[in-house]
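>>> Sequence first, predicted model second:
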Amino acid sequence: MGYRFSDLTDACQDDWRAYIEHPFVRELGNGTLGEGAFRHYLQQDYLFLIHFARAYALAAFKSRTLADLRQAHEGLKAILDVELDLHIGYCRDWGISEEDLATLPEARATLAYTRYVLDTGQRGDLLDLHVALAPCLVGYGVIANWLNAQSFTVRGNANPYDAWIAMYESDEFQAAMNDELAWLDARLAEVTPRRFNELVEVFRDATRLEIDFWQMGLDRAS
Ligand SMILES: Cc1ncc(CO)c(N)n1
């Protein structure tokens, strides 16, 4: 007993690294990623964010305490009022209009990942849901920090994807990631080994679905 978030990543090291250091991420970091791959990813990420917001609504529903309810409400507001607005503006810069986004067919990788998170949250409790969401919220913050530590990463105008890295290294996103880590560490400290193993399974599945999401971008798979 006495687990913490790093025990989850330690328990599925290979999948976690394959996600954080995915070829999509590396190419985004050095600026060589194909524009078509990035555009496809951006479009699908709009659909992802809508379901991500629904997952926070589910977290509100699953809350037993006022503190957890408020936290879910803040998460939902952050996605609707900040992240989705930024995303829509960012898509516009890449020549993707809001009408394009609204009529987009959902790729299988998006369907699989978002519905997995929602199902895991409905089947389980608030901790299951947060663990299913951790590869998103914690993962993207870790990816931005990992990219900044790599010598191949190009920052500034020389990299067309610089703004993407900037979004996830921002104080706002990093603070949200750290709050989530603190919440997870506090809850994981109290779980039994048997419960921890269940949570590892959820974390590994969600991490694999994040890998598929990157791969969908590279393959432009629908
Ligand atoms: C697929 C995916 N995972 C995580 C994030 C971070 O919010 C995102 N925007 N998209």
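That came through, no problem.
>>> ok, now how distant is Asp68 from the ligand?
Summarising the geometry, the distance separating Asp68 from the ligand, computed by CB to the nearest ligand atom, to the nearest Å, is 20 Å. Placement of C-beta: from N, CA and C, glycine included.
>>> show me the contacts for that residue.
Contacts for Asp68 were tallied using CB atoms under 8 Å, 6 or more residues apart in numbering; they are Ala59, Leu126.
>>> go on, the one 3 residues further on?
Neighbour list for Gln71: Ala59, Ser63, Trp183 [criterion: CB under 8 Å, 6+ apart].
>>> what's the helix or strand for it?
With elements delineated by DSSP states H and E, Gln71 resides in helix 66-77, which encompasses its position.
>>> Now that helix - C-alpha only, CSV.
Extracted as CSV, the C-alpha positions of helix 66-77 are listed here (Å, rounded to 0.1, in the frame of the first residue of the first chain):
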residue,chain,number,x,y,z
LEU,A,66,-18.4,19.2,-2.6
ALA,A,67,-14.7,19.5,-3.2
ASP,A,68,-14.8,16.8,-5.9
LEU,A,69,-17.9,18.4,-7.4
ARG,A,70,-16.2,21.8,-7.6
GLN,A,71,-13.0,20.2,-9.1
ALA,A,72,-15.1,18.5,-11.8
HIS,A,73,-16.9,21.8,-12.5
GLU,A,74,-13.6,23.7,-12.8
GLY,A,75,-12.3,21.0,-15.2
LEU,A,76,-15.5,21.2,-17.4
LYS,A,77,-15.3,25.0,-17.5
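>>> related to what we said a few turns ago, let's see which of the contacts of Gln71 end up in helices.
Mapping the contacts of Gln71 onto helices (DSSP state H) picks out Ala59, Trp183.
>>> re earlier: now do the helix holding Gln71: distance to the chain's middle.
If you compare the mean C-alpha spot of helix 66-77 with that of the full chain, they lie 18 Å apart, counting by CA atoms, centre = their mean, to the nearest Å.
>>> mind listing what's buried in that helix?
Using 16 or more other CB atoms under 10 Å as the burial criterion, the residues of helix 66-77 that qualify are Asp68, Gln71, Ala72, Gly75, Leu76.
>>> Likewise for stretch 157-168?
Residues of stretch 157-168 classed as buried under the neighbour-count rule (16+ other CB under 10 Å) are Asn159, Tyr161, Asp162, Trp164, Ile165, Met167, Tyr168.
>>> For Asp185, see how far away the last one is.
Just to be clear, that refers to Tyr168. The span separating Tyr168 from Asp185 equals 21 Å under the rule CB to CB, to the nearest Å.
>>> which residue is nearest the centroid of the protein?
By CA atoms, centre = their mean, the mean C-alpha position of the chain lies nearest to Cys136, the distance being 1.8 Å.
>>> Next, that residue: phi, psi?
Here is the backbone geometry of Cys136 (degrees, to the nearest 10): phi -70, psi -60.
>>> Closest residue of this protein to the ligand?
Cys136 (3.5 Å; CB to the nearest ligand atom).
>>> Please name the residues that touch that residue.
If you count contacts by CB under 8 Å, 6+ apart, Cys136 has them with Phe52, Ala206, Glu210.
>>> For it, give its distance to Val154.
According to CB to CB, Cys136 stands 25 Å off from Val154.
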